[in-house]
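*Asks:* Got a predicted structure here, sequence first:
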Amino acid sequence: MKTISQVAKLTGISTRTLQYYDEIGLLKPSDFTSSDYRLYNDDALQKLQQILFFKELDFKLKEIKEILENPEFDKIEAYKKQKKLLCLKRTRMDKLIDLLSKLEKGEQCMSFKEFDLTEYIEALEQFKSKKSDEVIKYWGSIENFNQLIQKVKDDESNVAELAIKQFGSVKKYTEAMKYNLEHFSELMEQSKALAENKDEILQKSNDLYFKLTSDMTKDVISEEIQDIVHDIVEFSDGNNLGVDMGEGYWDIIIETYSRDLTKGITDTKYGAGASSYIANALQYYFHKQLL
């Protein structure tokens with residue numbers, strides 16, 4: 001048995017932190033001395049070690065408590081998952097340290113390969129570990145979700161390029177995706193509600209685009225046309241579940257109207273030249289300039 005002071009010295013954690021862990025029920029002492037000092041046995045120290053691993057992976061104390069209190073919690077399996085996540089974190093840190101070493105020597109390193117999707121992949125791994133029920137519910141199995149993670153890893157450069165294009169940086173993209181994962185079940189329920197009204201939503205969207213392209217002789221910068229574009233943007237943003245689509249989202253939409261496939265579909269549906277007209281109207285709305 002070790003006293004609270006000995007545990008603090010061994011782990012580098014303050015006695016006040018250990019007392020707080022006791023207060024919130026995260027780590028109870030194994031026993032008390034005659035003077036009412038906390039004592040910790042080997043089992044308690046192992047639990048503390050587990051807590052510290054979770055903290056290193058940025059889990060909140062409330063989340064750690066829920067995981068450890070789960071009757072199905074498997075200590076050995078948790079070690080395996082924590083090891084995997086920490087290895088990913090170490091890889092990312094090693095790359096950043098290597099880049100800083102080169103910069104410190106005066107080398108010109110304009111490749112941003114070091115700023116990869118490791119943090120996003122870590123978030124996916126954490127989501128899989130913490131919310132396996134949701135993973136199975138929406139992906140069918142853990143294996144299917146593992147395949148999704150592997151696809152991100154295999155196509156990392158393209159995913160990162162798109163992330164930067166849509167969100168401005170991999171960091172912003174990762175923050176947005178972390179939010180989505182944290183609220184995934186809620187977002188999926190909202191998505192189901194939208195799906196039930198998909199015909200109505202699609203019809204409303206079509207009506208707005210038909211209105212926009214009803215007379216393409218009108219200048220796209222006119223107040224009348226820009227008001228319609230405003231309605232389109234508001235309607236679209238109002239039906240994306242409140243998810244952050246990134247500052248470059250609409251630029252990507254504008255760009256798609258220049259692709260042959262999109263042009264063909266759009267011009268067939270709304271009239272010849274509709275694709276370019278819509279792209280210009282959106283371009284002016286967001287950038288006050290034409291393509």
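*Replies:* Nice, I can see it.

*Asks:* Show me the shaky parts of the chain.
*Replies:* 92, 99, 107-116 (pLDDT under 70).

*Asks:* which one in it is furthest away from the centre?
*Replies:* Ser34 (50.3 Å; C-alpha atoms, centre = their mean).

*Asks:* any idea how far that one is from Thr3?
*Replies:* Taking C-beta to C-beta, to the nearest Å as the criterion, Ser34 is separated from Thr3 by 12 Å. C-beta coordinates here come from the backbone N, C-alpha and C atoms, glycine included.

*Asks:* What are the phi and psi values at the residue farthest from the centre of the chain?
*Replies:* phi -60, psi -20 (degrees, to the nearest 10).

*Asks:* ok, it - contacts?
*Replies:* With contact set as C-beta atoms under 8 Å, 6 or more residues apart in numbering, Ser34 has no partners.

*Asks:* do the one 10 residues further on as well
*Replies:* If a contact means C-beta under 8 Å, 6+ apart, then Ala44 has Leu27, Lys28, Pro29, Ser30 as its contacts.

*Asks:* Those residues, buried ones only, as a PyMOL selection?
*Replies:* Entered in PyMOL, the line below selects the buried ones among the contacts of Ala44, by 16 or more other C-beta atoms under 10 Å:
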select buried, resi 27+29+30
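
*Asks:* Can you tell me which of the contacts of Ala44 lies closest to Ala281?
*Replies:* Leu27 (60.2 Å; C-beta to C-beta).

*Asks:* thought the closest one was touching Lys47?
*Replies:* Yes - counting by C-beta atoms under 8 Å, Leu27 touches Lys47, with 6.0 Å between them.

*Asks:* Ile24 contacts Lys65, correct?
*Replies:* Yes - shown here, Ile24 and Lys65 form a contact pair, counting by C-beta under 8 Å, at 7.1 Å.

*Asks:* neighbour count winner among the two?
*Replies:* Taking other C-beta atoms under 10 Å, Ile24 and Lys65 do not tie; Lys65 has more neighbours (18 against 10).

*Asks:* In what element of secondary structure is the more buried one found?
*Replies:* Element membership for Lys65 (DSSP states H and E) is helix 61-69.

*Asks:* any residues touching stretch 9-26, and which ones?
*Replies:* 2, 4-5, 7-8, 27-29, 38, 45, 48, 51-52, 61, 64-65, 68.

*Asks:* Quick check: end-to-end length of it?
*Replies:* End-to-end distance of stretch 9-26: 20 Å, with C-alpha to C-alpha, to the nearest Å as the criterion.
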